[in-house]
Every structure is written in structure tokens, then in C-alpha cells.
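A.B. asks: Structure, please.
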Amino acid sequence: MIERYTLPEMGQVWSDQAKYQTWLEVEIEAARAMAHYGIIPQKAFAVISKKARFNVARINKIEKEVNHDVIAFLTSVSESIGENAKYVHFGLTSSDVVDTGLSLQLKRAAEIISDKIDKAIAETKRLALKYKMTLCIGRTHGIIAEPTTVGLKFAMWYTELVRRRNAFDASVEGMRLGCISGAVGTFAHLDPKIEAFVCKRLGLKPARVTTQIIQRDVHAEFISAIALLGSSLEQFAVEIRNLQRTEIGEMSEGFSKSQKGSSAMPHKRNPITAERISGLARLLRGYSVAAMENIPLWHERDISHSSVERVIFPDATIVIDYALQKFIDVLINLVVNETRMMENIFFNGGVVFSQRILLGLAAPVGSREKAYRMVQRTAFQAAEGKGKFRDLLKADKEIAGYLSVKEIDACFDLKYYTKNVPVIFREVFGR
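C.D. replies: Numbers count the residues shown, from 1 in each chain. Below you'll find the predicted structure:
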């Protein structure tokens, strides 16, 4: 991933130095296990654990000659150990090191992501509680519908993020696997107890059955969980983008004093961060497709998945880490325009109260269909600029025959739309 979207902590997880360090961890723990069970001498392990080192530049140079990154890595490590290097990688195959090391990298990346999901959840909860009873207009099909509260919008974001966190956590647990099973997964050269020993030391679980590799459906599930999380962030970002539109103006990203919105138009304040989140979510969905394409491999394995994974694992985790941080920043600096929200509720004289009028008319009129037509006629007149909805209702002789002025006014009581909001919040937040 380009530096623009790479935050330092996550970028470090995917550095060559970090990758080869996980490989070295696997090799040292495998040697430890074999020394423990008497397969290699304890003295040899002591030397390996003390002296084993690698040099990235040296690995790169060797790989140009041998065209095999694991062999290049082992050669570099062996140079630091000496004669006891013969006990390194004893009975292992490349994928034992690569796949188990990859699980360690993914586990560490997941910890960073999990922390930011929790922060995003905390921010949405804060906003939900802050604006619990703050009224705004709800929209369906992009058209004003009925009043709702800003807090309910954020409560929805909160519950969706909690679902995404749960799915992400499950995917992390599913791919927290290691394998030390040999060339085709038969443990022909090492007892399964070596794998169990190594995995326990590394905080992983032994894969139940492997070929030469850990099966890629677990990785696809992990990337898909990230893509779903990204899509949820986009859902929230699109809402902010829409509400920041000039003609709506109910919500907007923070805008610093030194910030500029356009190279040509000084008046511009654009939702650039929310738009960036939308764009990055598209990348994540693409990575999920690539991850699923990696599931079918030939026989005990091929390496068609390898080139893909060198891109999608770093990129997907880096992108979601960045998108989460930007989303958190947007929430912290979010501007909520309560005045504009109230103005929009009473757009066209309050036509959004039409259902309450309909419900009040249906019984005395004796026909819901007839009552609907009466209210629709008046609402459309208001939309055409012929007057304010409430005034037109009171002036309509047919409607006046069924509802008094007092009854009409009662239908415009905003408290009617918030009476059950506390019930929803108690269910979601316990308060």
C-alpha cells in the first residue's frame, strides 16, 4: 500500500524485517520443541536460540540467485549460526514457516484493527447518547419522511459496528492457526506433538488437517470480515456526505482554520474524508474477491495464492486501519447543525406530519382511502408553494368537517415522535 494510506504501526507489521522475524520465531520454536523431545541436541538449540539472526539485504541478494525466499532466509540465518545450522528447519517445509509466520503477522495486525474498532464503537456510542433526543428529519428514497432523532442514527451505527466487530473477532479466531506438518501435511518427518508445542508457544492453534498449507478459506473469511467492516464505514460515510450537501446542511466534517476546500472556489467545505472512506471501501471489497479466488488450489498446494497474498494481506489490513482512524477522526470533529435539522422538519410547512393527520382522519371519515386522498391533496398543495401545510389543513373545508383546529395542531407535536426513543436506547445501551 502507498505511504499516503499507511499508518506507522500497521506498516511496521508488514515490513520485510517483521516478516522474517516471524519466520525466525517459528524456526526457533520448532528447534525448541525438537530439543525438548530429544530430536536435536539441547546444546544445538542453545546455540540456535542465541545466535540465530538474519539480514534483509543479504536475503534479497541470495534470493536473486536461488529464486526462493525461504531458502534465501535460511541461508542467511545459517550463516549466523555455524555448524548447528543443520538443525534449523529440521523436518519442516517452507509453508510450515511461511503460513505459521503469516498467522503471527495477521494476529498482530488484527490487534491493531480491533483496538480501532473499539474506539469507533465508543465514539458512536458517545454521539448516540449526546444526541439521543435531538430531532431531525428521517428520509426514505432520499425524500423527507417523518421526524426521527440524530441519536437513533448513531445508535444504528453503533449496533452495526458491534456486529462487524463480532464477525471480525470470529474471523481472527478462525485463522489463528499454525502448521508444522511437513511436505504434504502427513507429519512424516515430525510428530504432531512438535506442532502442538510450537503453536502453544506462539499463541496459535494447530490446524486440524493441512495439506502442505493452511487452507485458504479461513483467510478469505478474515479478508471478507474486513471488507464488510469497510462497507459499514462507507455506509456511515455516505450518510455524512449526503447530510453535508448544501441543500441539506444538517451535518458536516470538521474544517480546520488553515484547511482549504477547493483550488478554485474559496467558499468550498467538502466532505473529503468521508469520500476517501468510500473509495477505500471499494478496494477492500476487491481484496475479498481475490481472497476467495485463493481458496481453490491444486492438490496438496500450488503457489498461485502466494503472489496475491503478498498484496492483499498487507493492503487490506493497512487500508482498514487507515479508514477506521479517519472515521474516528470524523466522529470526534463532527459538526451537527440542530437549527438546520429543525428547519428541514418543517419544510413546506410540516408536510412530514401527514401520517398523523391521516390517522386522525381515518376513523371519523370512515374510509382510510378517502382520508389519504384528502391529506395527499393538501400536502401536494404545500409542496407546490400554495401555502403552509398546517394552514392549508385548517383552511380545507372538507378536512375541517372532521378535525378541529386544536386536533390539527396536536398532530404537529414533535414529542409524539420521540416517546419510544428511550425504550430503544435502554435496549441498546442499557440507559
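
A.B. asks: okay, stretch 75-92 in CSV with CA atoms only?
C.D. replies: Coordinates of the C-alpha atoms in stretch 75-92 are reproduced here as CSV (Å, rounded to 0.1, in the frame of the first residue of the first chain):
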residue,chain,number,x,y,z
THR,A,75,20.9,-19.4,4.2
SER,A,76,21.2,-16.0,5.9
VAL,A,77,20.2,-17.5,9.3
SER,A,78,22.6,-20.4,8.8
GLU,A,79,25.5,-18.0,8.3
SER,A,80,24.9,-16.6,11.7
ILE,A,81,24.7,-19.9,13.5
GLY,A,82,27.5,-22.1,12.1
GLU,A,83,27.6,-25.9,12.2
ASN,A,84,24.5,-26.2,14.3
ALA,A,85,22.5,-24.6,11.4
LYS,A,86,22.0,-28.2,10.3
TYR,A,87,19.3,-28.5,13.0
VAL,A,88,17.4,-25.4,11.7
HIS,A,89,14.3,-26.2,9.6
PHE,A,90,14.8,-29.9,10.6
GLY,A,91,11.9,-31.9,9.0
LEU,A,92,10.0,-28.7,8.1
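
A.B. asks: Now do it: everything it contacts.
C.D. replies: 24, 27, 30-31, 34, 39-41, 43-45, 47-48, 51-55, 58-59, 62, 66, 74, 97, 180, 182, 189-190, 194 (C-beta atoms under 8 Å, 6 or more residues apart in numbering). C-beta here means a position set from N, CA and C on the backbone, and glycine is covered the same way.

A.B. asks: Restricted to helices, list the residues you listed.
C.D. replies: Mapping the contacts of stretch 75-92 onto helices (DSSP state H) picks out 24, 27, 30-31, 34, 43-45, 47-48, 51, 58-59, 62, 66, 74, 97, 194.

A.B. asks: Pull out the buried members of the contacts of stretch 75-92.
C.D. replies: Using 16 or more other C-beta atoms under 10 Å as the burial test, those include 24, 27, 30-31, 34, 39-40, 44-45, 47-48, 52, 54, 58-59, 62, 74, 97, 180, 182, 190, 194 as buried.

A.B. asks: Could you measure from residue 54 over to residue 163?
C.D. replies: Remark: distance between residue 54 and residue 163 (C-beta to C-beta, to the nearest Å) = 42 Å.

A.B. asks: scratch that, residue 423 is what I was asking about
C.D. replies: In terms of C-beta to C-beta, residue 423 sits 21 Å off from residue 163.

A.B. asks: The two: which is more packed in?
C.D. replies: residue 163 (13 against 9; other C-beta atoms under 10 Å).

A.B. asks: State the three-state secondary structure for that one.
C.D. replies: Secondary structure state of residue 163, per DSSP: H, G, I helix; E, B strand; the rest coil, is helix.

A.B. asks: Tell me how many other residues crowd residue 109.
C.D. replies: For residue 109, the count of nearby residues is 24 (other C-beta under 10 Å).

A.B. asks: Can you give me the buried ones in the helix or strand hosting it?
C.D. replies: In this structure, residue 109 sits in helix 94-130 according to DSSP states H and E. Within helix 94-130, the residues scored as buried using 16+ other C-beta under 10 Å are 94-110, 112-113, 116-117, 119-121, 123-125, 127-128.

A.B. asks: now stretch 135-142
C.D. replies: Neighbour counts over stretch 135-142 (16+ other C-beta under 10 Å) mark 135, 136, 137, 138, 139 as buried.

A.B. asks: rewinding a little: now the helix holding residue 109, how far from the chain's geometric center?
C.D. replies: Here helix 94-130 is found 9 Å from its chain centre; the criterion is C-alpha atoms, centre = their mean, to the nearest Å.

A.B. asks: got it, and stretch 307-327?
C.D. replies: Its chain's average C-alpha position is 10 Å from that of stretch 307-327, according to C-alpha atoms, centre = their mean.

A.B. asks: May I have that stretch as CSV, with CA atoms only?
C.D. replies: Listed next in CSV are the C-alpha coordinates belonging to stretch 307-327 (Å, rounded to 0.1, in the frame of the first residue of the first chain):
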residue,chain,number,x,y,z
SER,A,307,1.6,-13.6,-5.1
VAL,A,308,-2.0,-12.5,-4.3
GLU,A,309,-1.4,-12.7,-0.6
ARG,A,310,1.7,-10.6,-0.7
VAL,A,311,-0.6,-7.8,-1.8
ILE,A,312,-4.0,-8.3,-0.2
PHE,A,313,-3.0,-9.1,3.4
PRO,A,314,-0.8,-6.0,3.9
ASP,A,315,-3.1,-3.8,1.8
ALA,A,316,-6.4,-4.9,3.4
THR,A,317,-5.2,-4.5,6.9
ILE,A,318,-3.4,-1.2,6.2
VAL,A,319,-6.4,0.2,4.4
ILE,A,320,-9.0,-0.8,7.1
ASP,A,321,-6.6,0.6,9.8
TYR,A,322,-6.4,3.9,8.0
ALA,A,323,-10.1,4.0,7.2
LEU,A,324,-11.0,3.3,10.8
GLN,A,325,-8.7,6.1,12.0
LYS,A,326,-10.2,8.6,9.6
PHE,A,327,-13.7,7.6,10.6
